[in-house]
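Participant: heads up, no residue letters with this:
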């Protein structure tokens, strides 16, 4: 039961009525289709037996397909059905036979056509190939000469006419002279015809049709067969025994305005008697390769020079280094440059030959160092000095050890070593230093073009019996002093000194002019000389300044109060200059300082 739109269920009768009305509403085309289906079902047994999805062919009672009896038709006779099947198979067999005949006919036609084409192609290929019998193909080149459609004989003539065929064997000596030997005189025969015949046989004439668009290039070396013994005789006469032979010359070095250069060796043209066969073999090797202009300079058969350019390359490098060298001497406030162009004039070569070993002329170095000393030495020279109590004065070096003093012997050795080693260097001059280690130098910070005292120094006025210490131009300390006794042996010598070393609790032994010794000591000892003069305190001495030195003077040192000696010991740097000046009353003005020495002993 089904429900209608209002929701009530439909009866079976109502549903049948509605279905019947729907069937009656179908189109005429649908009815005709139904009738056709029924007709087919009555004619064909297979179709009749298969289920038919057609509601109009089903029995109303069971819903199954109608049987032939139900449709009112009789079942087909089996014999008739067999006849229909046989007729269908015969028709299919006839179609297969007709198709086979068409295929055979097409194959026969194609075979005939291919046969005709093959016969024509063979005839075309054979006729084309025949045109090149005995000649080279198109686009054929030998040694750059076109030989297309030429016989081997004509090709050989063309190659000879257009090639650079040598007429001579040319032997080039090391000096550039050319020695020629005519090939005709050696009865030479070339290999052109032989090689061209080989190339003709090598060329595939079956490819004649490709040659029109493809270039074929061949090449070979032109060689000659000739009388080798006759060549050796010509070589011996013109090369070995020739009148214009030259002996070898060694390479050597010469000096020019811009330095040195090597004059290359000359091999010469004189053949070593033990290497004649080597010369022949050398020539034969080139001829076998088809080379007829032969440079003999690389043949190791000549008398060789003893010295070659390569042998001198290291020597030349050293000489160039000498010439290009630059030595810079550092004097602190300025520099002095010694150039290689100057030092090279000091070089002395063995046998006057730059190729050989060399040394340096020390006399010329001494001359140069003398000029350095005159220009830069300050030791031993008078100095302008602005004193505290006298204004501008001239201070002599005296016996003081302050100042710059170049050690000429050591400086000469230093320069000589630098020259021989080559290269450039930056060095400091060598200054004198005695056995005790005292260096004759000054304070490098105080040195300038105007002098070496600067504005930091100690100052002693012997006449005023007074001491001052200045640092960077400012007076930091001063005091009265007691200098040496005004005698020949004990007077304090004037001069420019420097603080050398310092000691505490120094024991001193003084020797007077009578040879008697006495001991003294100092709490603070500042040594300013190499002969026992220093700045120090003196135990037992209470008065300073004035004329105290005449009664209680030292054996040359500068006595001062203990506080002053301590200040100097603790605040004044080693190397500081000490300027001592002033005329005082002495028994002898030119005392012999060598006899006025202090013997020092450690406390």
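Facilitator: Good, I have the coordinates. As the structure is a prediction and not an experimental result, all values here were calculated from the model.
Participant: Tell me the helices and strands packed up against the longest helix belonging to the chain.
Facilitator: Selection of the longest helix in the chain by residue count, based on DSSP state H, yields helix 78-130. Applying 3 or more C-beta pairs under 8 Å, 6 or more residues apart in numbering; DSSP states H and E, one finds that helix 78-130 contacts helix 208-211. Where you see a C-beta, it was placed from the backbone N, CA and C, and this is true even at glycine.
Participant: So which elements touch the helix it packs on?
Facilitator: Identification of packing neighbours for helix 208-211 by 3+ C-beta pairs under 8 Å, 6+ apart yields helix 78-130.
Participant: which element is residue 320 on?
Facilitator: For residue 320, the element it lies in under DSSP states H and E is helix 309-324.
Participant: quick one: the closest residue to residue 479 other than its chain neighbours and residue 433, what's the gap?
Facilitator: Ranked by C-beta to C-beta, 6 or more residues apart in numbering and with sequence neighbours excluded, the top spatial neighbour of residue 479 is residue 564, at 4.2 Å. Using C-beta to C-beta, to the nearest Å, residue 564 is found at 31 Å from residue 433.
Participant: So for these two, which sits in the more crowded spot?
Facilitator: Between residue 564 and residue 433, counting by other C-beta atoms under 10 Å, residue 564 is the more crowded of the two (23 against 14).
Participant: How about the contacts made by that one?
Facilitator: Neighbouring residues of residue 564 by C-beta atoms under 8 Å, 6 or more residues apart in numbering: 467, 477, 479, 537.
Participant: Distance from the helix or strand hosting it to the middle of the chain?
Facilitator: Using DSSP H and E, residue 564 sits within helix 562-571. With C-alpha atoms, centre = their mean, to the nearest Å as the basis, helix 562-571 stands 63 Å off its chain's centre.
Participant: Domain-wise, how is this protein divided?
Facilitator: 28-76, 87-130, 132-244+269-302, 318-388+401-427, 457-601 (automatic domain parsing).
Participant: what's the most buried one of these?
Facilitator: Counting by mean count of other C-beta atoms under 10 Å, domain 457-601 has the highest mean neighbour count of these, with a mean of 18.
Participant: Mean confidence (pLDDT) on that domain, please.
Facilitator: Averaged across domain 457-601, the pLDDT comes to 84.
Participant: pretty sure residue 533 is touching residue 499, no?
Facilitator: No. Assessed by C-beta atoms under 8 Å, residue 533 is found out of contact with residue 499, at 11.6 Å.
Participant: Next, show the common contact partners of those two.
Facilitator: residue 527.
Participant: Just to be sure, residue 418 is in a helix?
Facilitator: Yes. Using DSSP: H, G, I helix; E, B strand; the rest coil, the assignment for residue 418 is a helix.
Participant: related to what we said a few turns ago, elements contacting the helix holding residue 320?
Facilitator: Packing contacts for helix 309-324, counted by 3+ C-beta pairs under 8 Å, 6+ apart, involve strand 252-256, strand 259-263, helix 340-343.
Participant: Check which helices and strands the last one sits against.
Facilitator: Same thing as helix 340-343. Looks like helix 340-343 contacts helix 309-324 (3+ C-beta pairs under 8 Å, 6+ apart).
Participant: Mind doing that once more with 10 Å?
Facilitator: Helix 340-343 sits against helix 309-324, strand 326-330, helix 362-376, helix 408-421, with contacts defined as 3 or more C-beta pairs under 10 Å, 6 or more residues apart in numbering; DSSP states H and E.
Participant: Can you give me the first-to-last residue distance of stretch 280-300?
Facilitator: End-to-end distance for stretch 280-300, by C-alpha to C-alpha, to the nearest Å: 12 Å.
Participant: and it, average pLDDT?
Facilitator: Across stretch 280-300, pLDDT averages out at 86.
Participant: what do you get for stretch 240-256?
Facilitator: For stretch 240-256, mean pLDDT rounds to 78.
Participant: the inter-axis angle of the next helix or strand after the helix holding residue 564 versus helix 562-571?
Facilitator: Of the helices and strands lying after helix 562-571 in sequence (DSSP H and E), the nearest is strand 577-581. Between strand 577-581 and helix 562-571, the angle comes out at 140 degrees (axes from the mean of the first three to the mean of the last three C-alpha atoms, to 10 degrees).
Participant: show me what contacts residue 119?
Facilitator: By C-beta atoms under 10 Å, 6 or more residues apart in numbering, no residues touch residue 119.
Participant: Test for you: state the pLDDT assigned to it.
Facilitator: 77.
Participant: what's the answer for the one 10 residues further on, then?
Facilitator: Each residue has a pLDDT score; the one for residue 129 is 74.
Participant: The residue nearest to it when sequence neighbours are not counted and residue 214, how far apart?
Facilitator: Sequence neighbours aside, residue 208 is the residue nearest to residue 129 in space, at 5.4 Å (criterion: C-beta to C-beta, 6+ apart). Applying C-beta to C-beta, the value for residue 208 to residue 214 is 11 Å.
Participant: okay, and the common contacts of the two?
Facilitator: Residues touching both residue 208 and residue 214 by C-beta under 10 Å, 6+ apart: 137, 138.
Participant: one step back: now the angle from the helix holding residue 320 to helix 408-421?
Facilitator: 140 degrees.
Participant: Please report the distance of residue 347 from residue 341.
Facilitator: Separation of residue 347 from residue 341 (C-beta to C-beta) stands at 11 Å.
Participant: Tell me the residues that contact both of the two, please.
Facilitator: Counting by C-beta under 10 Å, 6+ apart, the common neighbours of residue 347 and residue 341 are 322, 323.
Participant: Please tell me the pLDDT value assigned to the closest residue to residue 397 other than its chain neighbours.
Facilitator: Counting by C-beta to C-beta, 6+ apart, the nearest residue to residue 397 once its immediate chain neighbours are dropped is residue 380, at 4.9 Å. We note a pLDDT of 91 for residue 380 in this prediction.
Participant: on that earlier part again, let me know which of the helices and strands packed on helix 340-343 is the nearest to residue 579.
Facilitator: With C-beta to C-beta as the criterion, residue 579 lies closest to helix 362-376 of those, at 20.6 Å.
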